[in-house]
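[1] Next come a sequence and a model predicted from it.
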Amino acid sequence: MKRTADGISASLPIHSDLDLVWVRQHVRQAAAQLGFGLVEQTKLVTAASELARNTLVHGGGGLLECAPVSRGGARGLRLTFGDEGPGITDLDQALRDGYTSGEGLGMGLGGARRLVHEFAIDSRPGTGTTVTVTSWMPGAPRPREER
Amino acid sequence: MPEQDTAGRPSTPAQEVADFLRGRQEQIAQRWADAALFRTVFTHSRDEAVEAGRAVLDALAAVAAADRVEDAEAGGFDVVREQLARTAASRARAGSTVTQISAEVDALRPPVTELLLAEFPAAPAEHLRDCTTTLTVLMGTLRLVVLETALSEGEELINRQRLQLLEVATPVIKLWEGIVAVPLIGTLDSARSQVVMETLLDSIVEQHARFAILDITGVPTVDSLVAQHLMKTVAAARLMGAECIVSGIRPAIAQTIVHLGIDLSSVLTRASLADALAYALREQGTDIVSREPAGSEVR
Ligand SMILES: Nc1ncnc2c1ncn2[C@@H]1O[C@H](COP(=O)(O)OP(=O)(O)O)[C@@H](O)[C@H]1O
Ligand SMILES: [Mg+2]
């Protein structure tokens, strides 16, 4: 694992349940450090938990890149989950609440999307999946996407 | 070989050390395999220790060839960090102190110096001194890199242990006749949830409990997997004839669950463990009444 002095940027491996604990811990600390309030922290950590578990369970393991971002005076946190697993053939289906190819609740992807401000997913069957989420600090104007 | 190099291009001591490390890689790796640093880590196979030694020597040769023997940030040391991260981590785990690890890295130098001196029997003393100095500096930098790695690995180890402490199983507590409770603390991943569910169901049977309270005040994150486990536990308890109450859902977690889209309406919830207990007592017909202040009207 690589971490930098700001306590926010980090590359965290996702290969075990213990790594998931570590991911949640880091995202919570990073969000707190940036000044996110308790509710926003909890939302981000929960989204991270869902996406990291998908990386582990469906993607066969991968990496989380955590980085602070700023745009037009707004500050935020960006989380990028990457794996080189089987990928997702039908994105709409995967994002649908309740759809699971395994034995989960099928609420992870859709739920994570609702818990953050920006959500992007890039997946190619046979190559892997990258999910990028960003949340912005409230207060300062932020370029929020309307859903 | 170094002797030929001096004839061709002007060779710096660093370059000669690089060539020497490459040329004598096998002998050095064999000697290192018996040194404490490698021996204590690669206990299963000596071959593995030799292999690790070769990788470190490759890296050292690259650093010397790049003339960066003093530079702990030199690219070649990345390999050393990777290779020795494992070493350093297991040394730290075994309780080695920084001083010990430092001494063990130091112990890698004498066999190399010995071979180096033997390599150039006819070289001028001055030249030899330059080469051994370069080697000493290089090994000093190696020690720095190893200690850095050992320290940060140790830090990570402590963090991980702290996390694991949060994962210790939680006991089922009998709160009242017919009422059991589990205060859940820490991460509720699959394995632990399974244990919690089993112990809870067992104690429902043992205690003839009609109510089981799952208090999640100490659970930092409720994601869909945790919610699924809670619902499964509730359903299983119901099959055993007990009603499950989930207490201690904090406001931030309640909001998050709603955004996540998880429907917990099939689960009976109460704000606190005390509320859950009060509910269960009332349901089973046990009334708890405050003692009336003296002089007040008695009914
Ligand atoms: N990283 C990934 N790699 C491959 N497939 C994925 C990945 N993430 C999600 N999926 C697919 O999307 C589906 C829905 O994901 P999710 O909403 O998190 O539900 P669940 O994880 O409970 O199945 C998964 O069942 C899986 O088929
Ligand atoms: Mg999921």
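    Here it is on my side, so go on. Ligands and ions are numbered 1, 2, ... in the order given.
[2] low-confidence ranges in the stretch 51-200 of chain B?
    For the stretch 51-200 of chain B, applying pLDDT under 70 flags the ranges B:85-96, B:153-170.
[3] Next, the contact list for residue A:88, please.
    For residue A:88, the contact set (Cβ atoms under 8 Å, 6 or more residues apart in numbering or on different chains) comprises A:94, A:121, A:123, A:125, A:129. (Glycine included, C-beta is placed from N, CA and C.)
[4] Most neighbours out of these, which is it?
    Counting neighbours by other Cβ atoms under 10 Å in any protein chain shown, the top entry in those is residue A:129, with 25 neighbours.
[5] For the closest residue to that one other than its chain neighbours, give me phi and psi.
    Of all residues not flanking residue A:129 in the chain, residue A:123 sits nearest, at 4.1 Å (Cβ to Cβ, 6 or more residues apart in numbering or on different chains). Per-residue torsions, residue A:123: phi -140, psi 130 (degrees, to the nearest 10).
[6] Up against chain B, what does chain A have?
    A:1, A:17-18, A:20-22, A:24-25, A:28, A:38-39, A:41-43, A:45-46, A:49-50, A:53, A:97, A:104-105, A:107-108, A:110-111, A:114-115 (Cβ under 8 Å from any Cβ of the partner chain).
[7] ok, which of these also contact ligand 2?
    Filtering these for neighbours of ligand 2 using Cβ under 5 Å from the ion leaves A:104, A:108.
[8] Among the residues of chain A next to chain B, which ones are in helices?
    A:17-18, A:20-22, A:24-25, A:28, A:38-39, A:41-43, A:45-46, A:49-50, A:53, A:108, A:110-111, A:114-115 (DSSP state H).
[9] Now restrict those residues to buried residues only.
    A:20-22, A:24-25, A:28, A:39, A:41-43, A:45-46, A:49-50, A:53, A:108, A:110-111, A:114-115 (16 or more other Cβ atoms under 10 Å in any protein chain shown).
[10] Turn the contacts of residue A:88 into TSV, columns for pLDDT and distance to ligand 1.
    Below are the contacts of residue A:88 laid out as TSV (pLDDT from 0 to 100; distance: Cβ to the nearest ligand atom, whole Å):
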residue	pLDDT	distance to ligand 1
A:94	97	3
A:121	98	8
A:123	96	7
A:125	93	9
A:129	98	4
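[11] what's the farthest-apart pair in those?
    In terms of Cβ to Cβ, those reach their longest pairwise distance at A:121 and A:125, which sit 13.2 Å apart.
[12] Output the below-cut-off pLDDT ranges for chain A.
    Applying pLDDT under 70 to chain A flags residues A:1-5, A:139-147.
[13] Setting aside sequence neighbours, what's the nearest residue to the spatially most central residue of it?
    Geometric centre of chain A, nearest residue: residue A:48, 4.2 Å, by Cα atoms, centre = their mean. Once flanking residues are discounted, residue A:48 sits nearest to residue A:27: 4.3 Å by Cβ to Cβ, 6+ apart.
[14] cool, residue B:268 as well?
    residue B:245 is the one closest to residue B:268 (Cβ to Cβ, 6+ apart), at 4.9 Å.
[15] pretty sure the one you found is in a helix, no?
    No. Using DSSP: H, G, I helix; E, B strand; the rest coil, the assignment for residue B:245 is strand, not a helix.
[16] wait, isn't it in contact with residue B:216?
    No. The criterion here is Cβ atoms under 8 Å, and residue B:245 misses it with residue B:216 at 11.0 Å.
[17] So what's the residue count around the residue in chain B positioned nearest to ligand 1?
    Residue nearest to ligand 1 within chain B: residue B:224 (6.0 Å; Cβ to the nearest ligand atom). For residue B:224, the count of nearby residues is 25 (other Cβ under 10 Å).
[18] Surely it touches residue A:112?
    No. Assessed by Cβ under 8 Å, residue B:224 is found out of contact with residue A:112, at 9.4 Å.
[19] what residues are shared contacts of these two?
    Shared contacts of residue B:224 and residue A:112, counting by Cβ under 8 Å, 6+ apart, come down to residue A:50.
[20] just the strands in the chain please.
    Unless you meant another one, I'm taking chain A. A:2-3, A:10-14, A:62-71, A:74-83, A:118-124, A:128-136 (DSSP state E).
[21] think we crossed wires, I meant chain B
    Along chain B, the segments classed as strands by DSSP E run B:173-176, B:179-185, B:211-218, B:243-247, B:268-270.
[22] For residue B:67, which of those is the nearest?
    Here strand B:179-185 is closest among the strands of chain B (Cβ to Cβ), at 55.2 Å.
[23] Could you pull up the contacting residues of residue B:190?
    With Cβ under 8 Å, 6+ apart, residue B:190 has these contacts: A:17, B:225, B:229.
[24] Going by distance to residue B:115, which of the contacts of residue A:88 wins?
    residue A:129 (50.7 Å).
[25] What's the local residue count around residue B:258?
    The number of residues near residue B:258, taken as other Cβ under 10 Å, comes to 12.
[26] Equivalent analysis for the one 5 residues further on, please.
    Neighbour count for residue B:263, taken as other Cβ under 10 Å: 12.
[27] ok, it to residue B:231 distance?
    Distance of residue B:263 to residue B:231, given as Cβ to Cβ, to the nearest Å: 9 Å.
[28] Excluding chain neighbours, give the residue nearest to residue B:12 in space.
    residue B:67 (6.5 Å).
[29] List the residues that contact that neighbour.
    Counting by Cβ under 8 Å, 6+ apart, residue B:67 makes contact with B:12, B:14, B:15.
[30] Over to residue B:134?
    B:13, B:14, B:16, B:17, B:64, B:69.
[31] can you check residue B:28 too?
    B:21, B:53, B:57, B:111, B:112, B:115.
[32] Figure out which of the strands of chain A is closest to residue B:102.
    strand A:2-3 (24.0 Å).
[33] Do you know the pLDDT at the residue in chain B that ligand 2 sits nearest to?
    Nearest to ligand 2, among the residues of chain B, is residue B:224, at 6.4 Å (Cβ to the ion). Residue B:224 is assigned a pLDDT of 95 by the prediction.
[34] OK, contacts around it?
    For residue B:224, the contact set (Cβ under 8 Å, 6+ apart) comprises A:50, A:104, A:105, A:107, A:108, A:111, B:260, B:262.
[35] got it, and residue B:244?
    B:211, B:212, B:213, B:214, B:233, B:234, B:237, B:238, B:267, B:268.
[36] Quick one, which of those residues are buried?
    B:211, B:212, B:213, B:214, B:233, B:234, B:237, B:267, B:268.
[37] On the strand side of things, show who the fourth one bridges to.
    Per DSSP bridges, the residues bridged to residue B:214 are residue B:182, residue B:246.
[38] would you list every one of the helices in chain B?
    If you assign secondary structure with DSSP H, the helices in chain B sit at B:2-8, B:13-23, B:25-33, B:36-39, B:46-65, B:77-93, B:98-106, B:109-119, B:125-165, B:190-206, B:224-239, B:251-260, B:273-283.
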